[in-house]
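In: Fold the following.
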Amino acid sequence: MSQATTSLPKLIIAASGQDADMLYATGFFVPDPFIFLQQGGRTTIVLSDLEIDRGRKEARVDRIVPYSGISRGLKKGRDASFLEHTVAFLRERKVRCAAVPGSFPLGLAAGLAKAGIRLVPQPGLFWPRREFKTAAELRLMRQALAVTEIGMARGLDVLRAAEIGRKNALRWGGGPLTSEILRAEIDSAILRAGGLPAHTIVAGGEQACDPHEGGHGPLRAHELIILDLFPRTTRTGYFGDLTRTVIRGRASDAQRWLWDTCLAGQKKALRAIRPGEPGKQVQGRHPRLLHRARLPHRTARRPLDGLLPRPRPRAGPGDSRSPARRRHHLPARPGRHRRARDLRARPGRCAARGRGDHYRDRQPAALAVSEGVGGVSLQGCRPLPAH
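Out: Just a heads-up that it's a prediction; the model follows:
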C-alpha cells in the first residue's frame with residue numbers, strides 16, 4: 001500500500017450490524033447504513049435523529065453530525081437523496097479523494113464520482129491493526145467462545161440423554177431426535193447465553209461429509225455427527241467458532257482410526273505454528289500425513305478476525321506469503337472425509353472434523369477454549385455412553 005493511499009481520508013458507508021470495518025471503527029451497532037469519515041486523525045459519523053442520542057453515548061468517535069442538520073443546508077431538504085447528503089457532507093469537509101473498503105457500495109461510488117469525489121479502494125484489511133489482537137480483543141473473543149461452548153454443551157447433553165431405538169434411530173423427549181430438534185436446543189442455549197446463532201450445523205452420517213451441510217432429518221446411533229457452531233455475541237458483535245465430531249453409542253475401529261488420523265494432523269499443525277512460519281508450510285505438513293493414510297481431506301488454518309464469522313485472510317497453498325505472526329489468533333481445523341465402505345463399515349460416508357482456536361504470541365499456541373465435553377474430543381475418540 002502506497003504512502004499516498006494511507007494518508008487519504010478514510011470513508012465507510014455501511015451498516016455496522018453487518019459490516020466489520022464499520023463496527024471496528026465505531027464500536028456502535030446500527031442496522032441501517034450510515035457515514036463514517038476519518039480525516040486528519042479525527043473521526044466523524046453521520047447519524048439519523050433516531051440513532052443520534054444512543055450514538056452520543058455509545059459510539060467511539062470524535063464527532064457526531066445529525067443527518068437532519070445536513071438536510072437543512074440542501075435545496076430539497078429532507079427530500080434529498082442519501083447520495084446528495086453524502087456529497088454535501090464530504091464537500092463541506094473539502095474531501096475530494098478518499099480511501100474506501102473494497103466492499104464500498106457500487107451505486108454510491110458511481111454517484112460520488114459524478115460529483116467529482118474520487119474513491120480509492122484499499123486492498124487487504126481496511127484497518128490493518130485488526131490483524132493483531134490486543135488483550136481487550138482477546139477477552140472479547142474468549143467471551144464469544146464461552147457462549148459457543150454453552151451451546152455445544154447443550155447439544156452434548158441432549159445426545160447423552162437420547163435413547164437408541166429401533167434401527168439405531170435416536171429418540172429424545174418422546175419422539176425421534178432430528179438434526180432440526182438438536183439444532184433448536186443448541187440455538188436456544190446460545191440465545192439464553194447472550195449469543196445470536198446462525199446456520200448451526202448438526203449433520204450426521206453421510207451429511208457430515210459435506211463441510212457446510214446444515215443437517216436434516218433423523219439422527220442415528222453409532223454414526224459420526226458433526227456439530228459446528230459459530231454464533232455472534234449480541235453485546236459486542238464478536239463471533240465464536242467451535243466444531244466437534246461426536247457419536248451417541250459406540251465408535252467402530254474404523255471411526256476411531258479416522259479420528260486418530262485427524263488428531264495426529266492437528267497436533268502436527270500446532271507444533272508447526274510459530275511467528276514467521278508461512279501458512280503454506282504449516283498446511284503442507286497436514287496433507288502429507290493424510291495422503292499416507294489415503295484420506296481425501298479439507299483443511300483450514302487462517303487467522304481469525306473475531307468480527308467476522310469466518311477467518312481472513314486465507315493462509316494456504318494459494319497464499320504462500322502469509323506467515324503466522326505474533327498476536328495472530330488462529331484456528332486449527334483439520335478435516336477428513338472418506339467413504340465408509342473404504343473404512344470396512346457399512347456403505348455410505350463418514351467424516352471427522354475438529355476446531356480449536358489458538359492465540360499465537362511468542363509461546364506455543366494454547367487452547368483458548370476448553371476441550372470437548374464427551375463425545376469425540378481433541379483427546380481422541382471417546383464415544384458418548386450408551387444406555
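In: switch to C-alpha atoms for all contacts and neighbour counts from now on
Out: Noted.
In: ok, which stretches of the stretch 201-350 of the chain are strands?
Out: 201-204, 225-229, 232-233, 242-246, 297-300, 328-339, 349-353 (DSSP state E, counting those that start in this stretch).
In: for the protein, which helix is longest?
Out: Taking DSSP state H as the criterion, the chain has its longest helix at helix 135-161.
In: Can you list the helices and strands that that one packs against?
Out: helix 179-192, strand 195-196, strand 225-229, strand 232-233, strand 242-246 (3 or more Cα pairs under 8 Å, 6 or more residues apart in numbering; DSSP states H and E).
In: which outside residues touch the third one?
Out: Just to be clear, that refers to strand 225-229. With Cα atoms under 8 Å, 6 or more residues apart in numbering as the test, strand 225-229 has contacts from 148, 151-152, 197, 199-205, 208, 240-247, 352-353.
In: from the residues you listed, which would you call buried?
Out: 148, 151-152, 197, 200-205, 208, 240-247, 352-353 (16 or more other Cα atoms under 10 Å).
In: List the buried residues of the longest helix of the chain.
Out: Within helix 135-161, the residues scored as buried using 16+ other Cα under 10 Å are 137-138, 140-161.
In: State the mean pLDDT of that helix.
Out: For helix 135-161, the mean per-residue pLDDT is 94.
In: you'd agree L170 is up against G217?
Out: No - using Cα atoms under 8 Å, L170 makes no contact with G217, being 11.1 Å away.
In: Looking at the two, which is more packed in?
Out: Using other Cα atoms under 10 Å, the more surrounded residue of L170 and G217 is L170, with 23 against 14.
In: Quick check: next helix or strand after the longest helix of the chain?
Out: As assigned by DSSP states H and E, the chain's next helix or strand after helix 135-161 is strand 163-164.
In: What strands flank whichever helix or strand comes after that next one, and is each parallel or antiparallel?
Out: As assigned by DSSP H and E, the chain's next helix or strand after strand 163-164 is strand 170-172. Take DSSP bridges as the rule and strand 170-172 pairs in its sheet with strand 163-164 (antiparallel), strand 175-176 (antiparallel).
In: give the contact list for the closest residue to C97 other than its chain neighbours.
Out: Closest residue to C97 apart from its sequence neighbours, by Cα to Cα, 6 or more residues apart in numbering: R118 at 4.6 Å. The neighbourhood of R118, defined by Cα under 8 Å, 6+ apart, consists of R96, C97, A98, L112.
In: now with 10 Å?
Out: Contact partners of R118, counting by Cα atoms under 10 Å, 6 or more residues apart in numbering, are V95, R96, C97, A98, A99, A109, A110, L112.
In: With L47 instead?
Out: 30, 32-36, 53-56, 64-68.
In: Next one, pLDDT for it please.
Out: For L47, the predicted pLDDT is 97.
In: roughly how far apart are it and S16?
Out: From L47 across to S16, the span is 12 Å (Cα to Cα, to the nearest Å).
In: okay, and the common contacts of these two?
Out: V30, D32, P33, F34.
In: need the residues you listed in CSV with pLDDT, secondary structure and distance to S81, can you?
Out: As requested, the shared contacts of L47 and S16 are exported to CSV (pLDDT from 0 to 100; DSSP: H, G, I helix; E, B strand; the rest coil; distance: Cα to Cα, whole Å):
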residue, pLDDT, secondary structure, distance to S81
V30, 93, coil, 19
D32, 94, coil, 15
P33, 96, coil, 13
F34, 97, strand, 13
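In: how about those residues in a markdown table, adding neighbour count and distance to M22?
Out: Output for the shared contacts of L47 and S16, formatted as a markdown table (neighbours: other Cα atoms under 10 Å; distance: Cα to Cα, whole Å):
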| residue | neighbour count | distance to M22 |
| --- | --- | --- |
| V30 | 19 | 10 |
| D32 | 14 | 12 |
| P33 | 18 | 10 |
| F34 | 19 | 9 |
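In: All set, thanks.
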